[in-house]
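Enquirer: turn this into a model:
(chains A, B and C)
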Amino acid sequence: MTALAAALPRPRATGYWTAFAIVVAVLVLAPTLLPPFWQRFVTEILIWGLLAMSSDILIGYTGMVSFGHSAFFGLGMYGAAAALLTVKPPSLPLALLYGLIGAGVVAVFVAFFATRLRDIYFGISTLVFSQIFYVIIFTWTEVTGGENGLTFRQPQLSILGLWSTSFTPTTFHWFVLAVVVGSYLVVRRITQSPFGMVLQSIRENEPRTRAIGYHVERYKIVAVMLSGLFAGLAGVLYAIQNKFAAPDFVFFVVSGEVVIFNVMGGMGTLVGPFAGAAFFLLLREGLSRYMPEYYLIPVGIIFIIMIIFLPQGLLGFLRRRLNS
Amino acid sequence: MLILENVDAHYGKSHVLHGVSIEVRAGEVVGLLGRNGVGKTTTLKAIMGMARRTGGRITFEGRDLEGVPPHGLAGLGIAWVPEERRIFRLLTVLENLRTGLDRPGMTPARRDGLLDKVYAYFPILKERRHQAGGTLSGGEQQMLAIARAMVLEPKIILLDEPTEGLMPRMVAQIQEIVHALHRDGVAILLVEQNVPLTLDAAGRVYIMEKGTVRHHAAAAELRADQRVIHEYLGV
Amino acid sequence: MDQIIIQTLHGLVNGMVLAMVASGLTLIFGIMDIVNFAHGDLLMLGAFVGATVLGMTGSYWLALVAAAIVIAILGALLQVTTLRPLIGRDPLTTILATFGVSLVIQKYALWQWGPSVRNISEPVRGDFNLFHLQYPWYRIVTAVVAGLILTGLWLFLKYGKYGIWIRATTQDRVMAQAMGIPVPLVYTAVFAIGSAMAAASGVLFGPFAGVTQTMGFDFTVRAFVVVVVGGLGNLGGSILASIFISLLESYAAILVSPAQAVIVSFVVLVLTMLFRPTGLFVPTPR
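Expert: Next up, the predicted model:
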């Protein structure tokens, strides 16, 4: 009996990968099936989902709320802008590099405070930092373009400098999909590793984790760095898709929306944030046909109702299964 | 008047009370003895709605306490003097008393009357009435905690280890107070580690062990034959 | 030198308004552990209601009172419907819930009053002469009114029967309940009081810069800073901290632009959180 059970693949894992394959296949086909507006929409969902997923590392796995993810996102954007404006011809790898460095610097900064401040103080400080960055970017007009931001040209997709081609919305979508899927797999691997287990242990009971002997500070620092880097990556992708960088994206509203995606989609699931982003953006899209300025009123109310009655979010019920 | 029937209670996941049955009739002083950690305080907390009751019933004057919100108990006539006293440290002595004095239906005359009565029992409180609760000594805080319960004009007081950590002189004073309250017709459920005091003050005594009631007898009986006490409390 | 005097006055006046906002926030936090993200938006809503009532009646003072009452009722309703169900849950949920409320209120204000800036005209005209400088009277009046309201609040908390209930509940909720204090009602009342103070601040601040949907956010952020620097739940501390922070910002505005001056507050906040987390003006914890 046991030999037979051992010979069969674990049903949970097979189910998961099947579902995963289906979703990815749908996303690959999406640009060919959808009209241009929706094509772009799906690409944006992927980018925002990536940003929300990066936040899930902190909120869902380590138990640290960040209200300042817009800072990482924004610096990823501006970093990419810097690369694309200062180095000719505009280079994709360089944009990625500069963006990640930009986000990384902020992450180091935030990580420092993560280790000194608990819970709500940490949350407030992330908000405060992102506002500081907002003010600096908004007012340092010579460097950042101030209120108007920066515009630039889209770089080409090139493989080792041998062959390059311009992005079409479809190929760009596949590029984003590849980056997002790759990021998801990496983060998933990390959260399911012993390191990830420690993070979750910190979320459940920090004093006990410390008492067992883990250097909670070091784990938190790594978690913040990871979160910041993937958020910055999302910023780079967004900058390249839209060919601009603007201070609006460093403003608190973006951080707030990230938290909404996490809560609506389900914290601690990694896929939940994507669902949350899709849900929110679709709601917004749908409602803005009827009430362009005020769609946030029903969306906000739905959000509040979800917190009270569905706190685990849309995909929260999957949390245990996804985190074996 | 106060009846616990087969009460089970949980703190989180641990099952702390098993089928506890206790009765306190009007005007009675009932003792609850037992070693540390057997569930005496938890029993009081179950009555106050602070521990999760998972089985059995608690009724007061025939009324099931199940649906009563925590802030409704004082109105029914149940007062609580917790083990840690829980004085409002940043409020003055008078303000502490006012939390109980300012009930609906209280007239200034009744209030003053109650205050006078309480000050008569505890002159030191009158002296310190404008001092912050946190600056009082342990014994004074205990008196304030009892006074605070008294101004609720309760039918029953749940007294949790009133003599803990007090000097002998204070212990004697507490004993006096318990007698005086009894003379006033107030019922008392007295949780204590101090056996002689309990046997002196109470009419009946329950003895608990490991979350359940093991023995129940008249105090006189237990005074005469101390073997049961030795068995359960090792005193 | 003139600049410094003017900025000092600005700092003091702004500090008093901020103190009103922050005291509501710190009361709410002190008693129910709720970080009210929507506090600034309640201020904003109060300002709009005030502007409307002013338009209808022409009386500034009536507008002030009406705004406070309306928003107090709204605050009570909000607490009962949105926050009471969340008692006992992870504090994160209340932050998120109030964040959601903040969004809804902002967009509601946009819907109800439109995007243009509303005006609240000053209650008192004319300038006050200090040496050779001139400073608008209404700002001084605003500071005095704020001071009076705060004094009233302090007296209420110290001597009133309900003030004692509030203080007892803040210190020990369980024991307060055991004494028969209806804690759920006290929570609602405190939230209503905090909301009313925010709304009144909105009307007081109205003549300074006009009324817009986004004016709330800045106040919320600054109020957070003040509440932390003054010590969470510490009323006196948040009043002192409000004045301190406002003065710092006003002086900083001499050197940099007002938008950038806010960074000064943030720096103070971060330093406080790192080195004196119980509050700048609070003696080191025992």
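Enquirer: when you work out contacts or count neighbours from here on, use the C-alpha atoms and nothing else.
Expert: Fine.
Enquirer: for the strand or helix carrying B:V16, packing partners?
Expert: Secondary structure from DSSP states H and E places B:V16 in strand B:14-24. Packing partners of strand B:14-24 (3 or more Cα pairs under 8 Å, 6 or more residues apart in numbering or on different chains; DSSP states H and E): strand B:2-11, helix B:40-47, strand B:187-192, strand B:212-218.
Enquirer: let's see that with 7 Å instead.
Expert: Judged by 3 or more Cα pairs under 7 Å, 6 or more residues apart in numbering or on different chains; DSSP states H and E, strand B:14-24 is in contact with strand B:2-11, strand B:212-218.
Enquirer: give me the angle between the longest one and strand B:187-192.
Expert: Using axes from the mean of the first three to the mean of the last three Cα atoms, to 10 degrees, one finds that strand B:2-11 and strand B:187-192 are set 40 degrees apart in direction.
Enquirer: how about A:E44: what's its closest non-neighbour residue?
Expert: Closest residue to A:E44 apart from its sequence neighbours, by Cα to Cα, 6 or more residues apart in numbering or on different chains: A:Y238 at 7.7 Å.
Enquirer: and what of A:L322?
Expert: Once flanking residues are discounted, A:L322 sits nearest to A:T269: 6.5 Å by Cα to Cα, 6+ apart.
Enquirer: make sure the one you found is indeed in a helix.
Expert: No - assignment of A:T269 by DSSP: H, G, I helix; E, B strand; the rest coil gives coil, placing it outside any helix.
Enquirer: please see if stretch A:183-203 touches chain C.
Expert: No - judged by Cα under 7 Å from any Cα of the partner chain, stretch A:183-203 stays clear of chain C, getting no closer than 12.2 Å.
Enquirer: ok, now stretch B:85-95?
Expert: Yes - for stretch B:85-95 and chain C, the contact criterion (Cα under 7 Å from any Cα) is met by B:R86, B:F88, B:E95.
Enquirer: tell me the contacts of the last one?
Expert: For B:E95, the contacting residues are C:I164, by Cα atoms under 7 Å, 6 or more residues apart in numbering or on different chains.
Enquirer: got it, and A:P90?
Expert: With Cα under 7 Å, 6+ apart, A:P90 has these contacts: A:L84, A:P155.
Enquirer: roughly how far apart are it and A:Q192?
Expert: 37 Å (Cα to Cα, to the nearest Å).
Enquirer: off-centre distance for the strand or helix carrying the residue nearest to A:E44?
Expert: Assigned by DSSP H and E, A:Y238 belongs to helix A:216-242. Chain-centre distance of helix A:216-242: 7 Å, with Cα atoms, centre = their mean, to the nearest Å.
Enquirer: buried sites along it?
Expert: Using 16 or more other Cα atoms under 10 Å in any protein chain shown as the burial criterion, the residues of helix A:216-242 that qualify are A:216, A:219-241.
Enquirer: what's the burial count for C:L274?
Expert: 14 (other Cα atoms under 10 Å in any protein chain shown).
Enquirer: pLDDT score for the residue lying closest to it once chain neighbours are set aside?
Expert: Leaving aside its sequence neighbours, C:L274 sits nearest to A:R116 (Cα to Cα, 6+ apart; 6.8 Å). pLDDT for A:R116: 79.
Enquirer: tell me where the stretch 1-150 of chain A has strands.
Expert: Taking DSSP state E, counting those that start in this stretch as the test, the strands found in the stretch 1-150 of chain A are A:150-151.
Enquirer: do the stretch 101-250 of chain C as well
Expert: Using DSSP E, counting those that start in this stretch, the strands of the stretch 101-250 of chain C run over C:127-130, C:133-136.
Enquirer: other SSEs contacting the first one?
Expert: Using 3+ Cα pairs under 7 Å, 6+ apart as the contact definition, the elements that strand C:127-130 packs against are strand C:133-136.
Enquirer: same for the strand it packs on, what does it pack against?
Expert: Using 3+ Cα pairs under 7 Å, 6+ apart, the elements in contact with strand C:133-136 are strand C:127-130.
Enquirer: try it again at 10 Å.
Expert: Counting contacts by 3 or more Cα pairs under 10 Å, 6 or more residues apart in numbering or on different chains; DSSP states H and E, strand C:133-136 is packed against helix C:2-32, strand C:127-130.
Enquirer: in a markdown table: those, plus mean pLDDT, distance to C:L235 and mean neighbour count.
Expert: Shown next, in a markdown table, are those (pLDDT from 0 to 100; distance: least, Cα to Cα, whole Å; neighbours: other Cα atoms under 10 Å in any protein chain shown):
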| stretch | mean pLDDT | distance to C:L235 | mean neighbour count |
| --- | --- | --- | --- |
| helix C:2-32 | 91 | 6 | 23 |
| strand C:127-130 | 76 | 31 | 12 |
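Enquirer: any idea which of those gets closest to B:A26?
Expert: Set against B:A26 and scored by Cα to Cα, the helices and strands packed on strand C:133-136 come closest in helix C:2-32, at 36.8 Å.
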